[in-house]
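Undergrad: Next comes the sequence, and after it the predicted model I'd like to discuss.
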Amino acid sequence: MTEQETKLNAVESRVTSLETKFEMFMRSFDDFKTEMRDRDNQRAEDIRELRQDMKAMQKNFYTKMDNMDTKMDATITKLESKIENIGNHVRNITVATIIGVATIAITVIYSIVTH
């Protein structure tokens, strides 16, 4: 073989080797892209699940707050009723005290007048 043929064979061998390495690199790169895509899809799914969980937690929170408001309103109504009853008792005791003091005053005046 001539020197040019030897060089040409070496170049062709090198090109074949480079083509093989390039094909291997492209397969590896495709695998990498697929793996990244899978990871992105998994992250997107995780984010979707987290958002759903957050919505459920938020709904649960608002439900509990509404229940607390309802219970608080009922408690306030009961307290208002009890305070009103206490007011009625105080008024009754006040009237009884005034009647008692008036009775004592009348008795004292009557006993002074009759003696």
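TA: Arrived safely.

Undergrad: What about S17, how many residues nearby?
TA: Around S17 there are 10 other residues, counting by other Cβ atoms under 10 Å. (Each C-beta comes from the backbone N, C-alpha and C, glycine too.)

Undergrad: Quick one: mean pLDDT for the helix or strand where T94 lies?
TA: T94 is located in helix 3-114, with elements delineated by DSSP states H and E. Averaging pLDDT along helix 3-114 yields 93.

Undergrad: now the residue nearest the centre of the chain: how far from S13?
TA: When Cα atoms, centre = their mean is applied to the chain, the residue found nearest the centroid is Q58 (4.2 Å). Distance, Q58 to S13, by Cβ to Cβ, to the nearest Å: 67 Å.

Undergrad: Over to N88?
TA: 112 Å.

Undergrad: repeat for E84
TA: Relative to S13, and taking Cβ to Cβ, E84 is found at 105 Å.

Undergrad: repeat for T107
TA: 138 Å.

Undergrad: Please tell me how far stretch 49-62 is from the chain's geometric centre.
TA: Centroid displacement of stretch 49-62 relative to its chain, using Cα atoms, centre = their mean, to the nearest Å, is 6 Å.
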